[in-house]
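[1] what's the 3D shape of this:
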Amino acid sequence: MIFHQLFDPGSSTFTYLLADPDTRQALLIDPVDEQIDRDLALLASLGLTLRYTVETHVHADHITSGGLLRSRTGSETVVSAAAGADCADHAVGEGMELRLGAVGLRVLSTPGHTDGCVSYVTLDGQMVFTGDTLLIGGCGRTDFQQGSASRLYQSVHSRLFTLPDETLVYPGHDYKGRTHSTIGAEKAHNARLGVGRTEADFVDLMSNLRLDLPRRIHEAVPANSRCGLPA
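    Take a look at the predicted model:
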């Protein structure tokens, strides 16, 4: 598999490129509108055709380039069926698969940060892309977009923490220069969701964070419900 982890410093968002070396078909997970030229240049330099743009959820801190990439490359947008994004070419849910030749992803429904959060596991089970559901040492917040601390806890413990300990975790963001973790490390060391923390502990912690809203929430959420395209 061809794999690249890309970073948007403005929102600390990771975008992931996965491609099949034989078919030369590629997908991008969580592409950022401000990085569209970078992503197109990378695809061209590698001789890849963009087949899918894949969202982990409707983001509140950046605008996706999924719709623009569709208009420029003919790629197809992929969003959770629970996200309410009628713009998507594919509305996906638990257990569905995306394939690019021998490379592919399986969908895990992991709501909690938002109603429409999904994670994507590679078909060989070696990597999982968790969006904001599970971060390195933490998780996404649960105080807007129908967020629910109980649902997030259950998603992590019933969907993600049941993956093999050696599965590599690639999150939607990191703010400390880290790039990946493992399921085993998060079970053992995640301060919010691991180390034996109960659901009641987690709900109490999340209800008392008192965080400011993301800077771009009022712009980003409506735009991302349109796959990043203008109204």
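[2] C-alpha from now on. contacts and neighbour counts both.
    Will do.
[3] now what about stretch 107-119, what contacts it?
    Stretch 107-119 is contacted by residues 56-58, 80-84, 92-97, 120-121, 128-133, 140-153, 155-156, 159 when judged by C-alpha atoms under 8 Å, 6 or more residues apart in numbering.
[4] Tell me the spacing between the residue nearest the centre of the chain and residue 198.
    Nearest residue to the geometric centre of the chain (C-alpha atoms, centre = their mean): residue 131, 2.8 Å. Residue 131 sits 22 Å away from residue 198, going by C-alpha to C-alpha, to the nearest Å.
[5] same deal with residue 127?
    Separation of residue 127 from residue 198 (C-alpha to C-alpha) stands at 26 Å.
[6] These two - which one has more neighbours?
    residue 127 (21 against 13; other C-alpha atoms under 10 Å).
[7] what helix or strand is residue 28 on?
    strand 25-29 (DSSP states H and E).
[8] counting contacts, what elements does that strand pack onto?
    Secondary-structure packing of strand 25-29 (3 or more C-alpha pairs under 8 Å, 6 or more residues apart in numbering; DSSP states H and E): strand 13-19, strand 49-54.
[9] so what strands line up beside it?
    Note on strand 25-29: by DSSP bridges, its sheet partners are strand 13-19 (antiparallel), strand 49-54 (parallel).
[10] Mind listing the residues bridging to residue 107?
    Under the criterion used (DSSP bridges), residue 107 bridges to residue 120.
[11] what's the answer for residue 13, then?
    residue 8, residue 173.
[12] dump the residue contacts of it.
    By C-alpha under 8 Å, 6+ apart, the residues touching residue 13 are 7, 32, 172-174.
[13] Show me the longest helix that occurs in this protein.
    The longest helix of the chain (DSSP state H) is helix 36-46.
[14] List the buried residues of it.
    36, 39-40, 43 (16 or more other C-alpha atoms under 10 Å).
[15] still on that earlier bit, check what pLDDT the residue nearest to the centre of the chain gets.
    Per-residue pLDDT puts residue 131 at 98.
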